[in-house]
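[1] the amino acid sequence is not available; the structure is as follows:
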């Protein structure tokens, strides 16, 4: 069973037209991770930093 966490952890506004889910997953050791599923597709762990720099550079700037 996947734990459903509080929706306010990811989106704190209450909109009647929007249903927010916040499923929590267990921590998995890096050696077992074969791919990271996201809006960019399935990313191999070794390619993740490159994809973040290319598509989400703003995340790295403080």
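    Sure thing, it's come through. The shown structure was predicted, so the numbers you read here are calculated from the model rather than taken from an experiment.
[2] report the longest helix in the chain, please.
    Ranked by number of residues, the top helix in the chain under DSSP state H is helix 48-55.
[3] all helices for the chain, in order.
    Going by DSSP H, the chain shows helices at 48-55, 57-60.
[4] the shortest one - contacts with which helices or strands?
    In this structure, helix 57-60 packs against helix 48-55, with contacts taken as 3 or more Cβ pairs under 8 Å, 6 or more residues apart in numbering; DSSP states H and E. C-betas here are computed from N, CA, C, even on glycine.
[5] re earlier: deepest of the helices of the chain, which one?
    helix 48-55 (a mean of 12; mean count of other Cβ atoms under 10 Å).
[6] weakest of the helices of the chain by average pLDDT?
    Across these, helix 57-60 has the smallest mean pLDDT, namely a mean of 84.
[7] before we move on, back to that, I'd like to know which elements the longest helix of the chain is packed against.
    Using 3+ Cβ pairs under 8 Å, 6+ apart, helix 48-55 sits against helix 57-60.
[8] make a markdown table from the helices of the chain and add distance to residue 17 to it.
    Converted to a markdown table, those look like this (distance: least, Cβ to Cβ, whole Å):
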| stretch | distance to residue 17 |
| --- | --- |
| helix 48-55 | 28 |
| helix 57-60 | 27 |
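[9] those helices: which one's closest to residue 25?
    Judged by Cβ to Cβ, the one of those that comes nearest to residue 25 is helix 48-55, at 16.7 Å.
[10] and the residue of the chain positioned farthest from its centre, its phi and psi?
    The centre of the chain is farthest from one residue, residue 16, which by Cα atoms, centre = their mean lies 23.7 Å away. Main-chain dihedrals, residue 16, degrees, to the nearest 10: phi -70, psi -30.
[11] and the spatially most central residue of the chain, how far from residue 46?
    Centroid-nearest residue in the chain, with Cα atoms, centre = their mean: residue 38, separated by 6.7 Å. For residue 38, the distance to residue 46 (Cβ to Cβ, to the nearest Å) stands at 15 Å.
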